[in-house]
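>>> missing the sequence, but the structure's below:
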């Protein structure tokens, strides 16, 4: 492939430039748009977007009360639209161009200079516009995930400001640190598809937001039973399938690594669901549907950083451990700490993402992702994984806290008492389910 | 004339309807309602959070009949709606002061 493109390039450039242009040519011909990779990444991009709309929208809306269903969907929908525009405008360039350790450059501000033949050094066989779009869908779902922690009470206007600022101040830097040539990637952190960048990040931000906004009125005393868990099941199904694009697409190319990631992903989701179901059955007497879908998402969140570095069967182990840890965090830890993380963003995504990031350091197999983990004798990888988790956790927590406090100066973060009692659908959007 | 009001378990509605047809009752009004009696409610658990659900779904049936039919109707409903479990429901009978069929203007027993 490389030889062929070199020949074509030299023919176009003229034979007399071969010698003088050799180094430059070698660099440019390393990157050539591959039709198969491009086709797969278009599909993967669509799959990840489907995870947000309608996947996450349904998943979340099914778990809130009837009076807040539309408002919850509105958060996902608005986050998708808003963050997509902002990502194209400034997010992408700050995350994925330049090689400074802390933040990218403004080279692609407003997608400037992204021509038909542009290729990103991070994905050298697909058009850069596709890579930009693929990464956009990750940014979108990360922001949308956070909303679950403050469901039922956050003012829509405040959420929009938060979504926009959080994308730029929290998501973009962390994406750059881990994937865009920043210091965490350089340190050797293994995070294939977003254990730190997406799940831990969203989970920690959700936890902080839940603390800053405070618990829902009636939390612990009133009946907060979900309106329609069948919506949540449908949403989880879309998340599960979409995750094939999320993790499989993170290989950024067609090939066995993408397939390994997808198989491990599917097995982890299955094992997570079975684990949660079993634990709930034995401790609470009944295997709930909400428990099964929670376990599946826990398994999916945990396999995210490890997929692409581990063997397929490792997905079973990681899914099982994620099921146990996330069940514990959603039932025991949440009660012990007393926070009201409405839809368990921290308990499932935060804890699951951190668990998976650690386990990536345990199970990484050199033959799969060219990185060895603890089981292959590279104990140091565990320290790097811990370092990545700590940095992500710290930045996400501190920056989220400061952002929320700053927004609260201008707009109340919560709806007023009356608005919360009547429901966000009517008071925020002027609509309601009948 | 008597109004027979029965609060029954929702899944018993069809059996009760058939029983009422068998004793010659050709019309009724039903409403989905929520309530509780001795059955109290039940507990639901969502990710470890337990909620007491006090109001359970029931179906309320209203049947207007002539005085002499009331006993048979009550019997038919109670036989059809009975499971023997707690929460089977209740039947109330009250007098009707007046009745009219809107289409024809017929009144009282003729209107039933």
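Thanks, I have it. In this text, all values refer to a predicted model and were calculated from it rather than measured experimentally.
>>> what's around the residue in the stretch 101-250 of chain A that chain B sits nearest to, how many residues?
When scored by C-beta to the nearest C-beta, the stretch 101-250 of chain A has residue A:223 as its residue closest to chain B, at 4.4 Å. C-beta: built from backbone N, CA, C; applies to glycine. By other C-beta atoms under 10 Å in any protein chain shown, the residues close to residue A:223 number 16.
>>> Hmm, it is touching residue B:53, no?
Yes: counting by C-beta atoms under 8 Å, residue A:223 touches residue B:53, with 6.8 Å between them.
>>> Secondary structure class of the residue of the stretch 101-250 of chain A closest to chain B, three-state.
Counting by DSSP: H, G, I helix; E, B strand; the rest coil, the backbone at residue A:223 sits in coil.
>>> Who's the closest spatial neighbour of it, skipping the chain neighbours?
Counting by C-beta to C-beta, 6 or more residues apart in numbering or on different chains, residue A:223 lies nearest to residue B:51, which is 4.4 Å off, once chain neighbours are set aside.
>>> Doesn't that neighbour belong to a strand?
Yes: with three-state DSSP as the criterion, residue B:51 is part of a strand.
>>> What is the burial count for it?
Residues near residue B:51, counting by other C-beta under 10 Å: 16.
>>> contacting residues for it?
Applying C-beta atoms under 8 Å, 6 or more residues apart in numbering or on different chains to residue B:51 gives the contacts A:223, A:224, A:225, B:43, B:44, B:45.
>>> Which single one of those is nearest to residue A:375?
Proximity of the contacts of residue B:51 to residue A:375 (C-beta to C-beta) peaks at residue B:45, which lies at 37.4 Å.
>>> Give the other helices and strands that whichever strand or helix holds the closest one contacts.
Element membership for residue B:45, per DSSP states H and E: strand B:42-46. Packing partners of strand B:42-46 (3 or more C-beta pairs under 8 Å, 6 or more residues apart in numbering or on different chains; DSSP states H and E): strand B:49-53.
>>> what about the longest helix in the chain?
No chain in the question, so chain A it is. helix A:380-410 (DSSP state H).
>>> that's the wrong chain, I wanted chain B
From DSSP H, the single longest helix across chain B is helix B:70-81.
>>> Just after it, pick out the following helix or strand.
Trace forward from helix B:70-81 with DSSP H and E and the next one is strand B:89-95.
>>> Parallel or antiparallel, which strands does that next one pair with?
If you go by DSSP bridges, strand B:89-95 pairs up with strand B:2-8 (antiparallel).
>>> Quick check: next helix or strand after the strand it pairs with?
Per DSSP H and E, the first helix or strand lying C-terminal to strand B:2-8 is helix B:13-22.
>>> angle of that next one against strand B:2-8?
Here helix B:13-22 runs at an angle of 150 degrees relative to strand B:2-8 (axes from the mean of the first three to the mean of the last three C-alpha atoms, to 10 degrees).
>>> what comes up buried for helix B:13-22?
Buried residues in helix B:13-22, counted by 16 or more other C-beta atoms under 10 Å in any protein chain shown: B:13, B:15, B:16, B:17, B:19, B:20.
>>> For chain A, which residue gets nearest to chain B?
Taking C-beta to the nearest C-beta, chain A has residue A:331 as its residue nearest chain B, at 3.2 Å.
>>> For residue A:308, give its distance to residue A:87.
23 Å (C-beta to C-beta, to the nearest Å).
>>> Please work out the residue of chain B nearest to chain A and name it.
For chain B, C-beta to the nearest C-beta, closest residue to chain A: residue B:48, 3.2 Å.
>>> Please work out how many residues are found near that residue.
Residues lying near residue B:48 (other C-beta under 10 Å) number 19.
>>> I'd say residue A:185 and residue A:174 touch.
No: the criterion here is C-beta under 8 Å, and residue A:185 misses it with residue A:174 at 10.8 Å.
>>> Of the two, which one has the most company?
residue A:174 (28 against 18).
>>> tell me which element that one falls in.
Going by DSSP H and E, residue A:174 is in helix A:172-179.
>>> tell me the angle that helix makes with helix A:380-410.
Using the same axes, to 10 degrees: helix A:172-179 against helix A:380-410 is 170 degrees.
>>> distance between helix A:172-179 and the chain's centre?
Counting by C-alpha atoms, centre = their mean, to the nearest Å, helix A:172-179 is centred 12 Å from the centre of its parent chain.
>>> Give me the contact list for that helix.
Against helix A:172-179 from outside (C-beta under 8 Å, 6+ apart): A:90-91, A:94-96, A:101-104, A:122, A:135, A:138-139, A:182-185, A:189, A:191, A:196-197, A:201, A:388, A:391-392, A:395-396.
>>> Out of those residues, which sit inside strands?
With strands taken from DSSP state E, there is no overlap with the contacts of helix A:172-179.
>>> Now, of those, which are buried?
A:90-91, A:94-96, A:104, A:135, A:138-139, A:182, A:184-185, A:189, A:191, A:196-197, A:201, A:388, A:391-392, A:395-396.
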